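Colleague: model this:
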Amino acid sequence: MRSLVWMWSRRDGEPNRTDDHAGFWKCPYHNARMCLETVERVNEVLE
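Modeller: Prediction:
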């Protein structure tokens, strides 16, 4: 059975297996966005 792995991009029609899944800025950016969204949603529930 072949496992499915998410790839960042494609090169020459094939999955790009050489680059990182999350770049230098992308991972911290999306983690911060997730935290801010979580705080917002928790505050809405608590109100």
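
Colleague: where in the chain is pLDDT low?
Modeller: Applying pLDDT under 70 to the chain flags residues 1-8.

Colleague: show me where it has strands.
Modeller: Using DSSP state E, the strands found in the chain span residues 10-11, 14-15.

Colleague: would you turn these into a markdown table with distance to F24?
Modeller: Quick note: C-beta positions are derived from backbone N, CA and C, even for glycine. Conversion of the strands of the chain to a markdown table gives the following (distance: least, CB to CB, whole Å):
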| stretch | distance to F24 |
| --- | --- |
| strand 10-11 | 19 |
| strand 14-15 | 21 |
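
Colleague: ok, which of those comes nearest G23?
Modeller: Each of the strands of the chain has some distance to G23 by CB to CB; the shortest is strand 10-11, at 15.4 Å.

Colleague: counting by contacts, list what the closest one packs against.
Modeller: Based on contacts counted as 3 or more CB pairs under 8 Å, 6 or more residues apart in numbering; DSSP states H and E, there is no element that strand 10-11 packs against.

Colleague: paired strands for it, with orientation please.
Modeller: The strands that strand 10-11 pairs with in its sheet are strand 14-15 (antiparallel) (by DSSP bridges).

Colleague: now the partner strand, how far from the chain's geometric center?
Modeller: Mean-position distance between strand 14-15 and its chain equals 19 Å (CA atoms, centre = their mean, to the nearest Å).

Colleague: please apply the same query to stretch 25-39.
Modeller: On CA atoms, centre = their mean, the centre of stretch 25-39 falls 9 Å from the chain's centre.

Colleague: which residues sit against it?
Modeller: Contact partners of stretch 25-39, identified using CB atoms under 8 Å, 6 or more residues apart in numbering, comprise A22.

Colleague: output that stretch as CSV, nothing but the C-alphas.
Modeller: Provided in CSV are the C-alpha atoms of stretch 25-39 (Å, rounded to 0.1, in the frame of the first residue of the first chain):
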residue,chain,number,x,y,z
TRP,A,25,8.6,32.1,7.1
LYS,A,26,5.6,29.9,6.3
CYS,A,27,5.6,27.7,9.3
PRO,A,28,5.8,30.5,12.0
TYR,A,29,3.4,32.6,10.0
HIS,A,30,0.7,29.9,9.9
ASN,A,31,1.3,28.9,13.5
ALA,A,32,0.8,32.4,14.6
ARG,A,33,-2.4,32.8,12.5
MET,A,34,-3.7,29.6,14.0
CYS,A,35,-3.0,30.8,17.6
LEU,A,36,-4.7,34.1,16.9
GLU,A,37,-7.7,32.4,15.4
THR,A,38,-8.0,30.0,18.4
VAL,A,39,-7.9,32.9,20.9
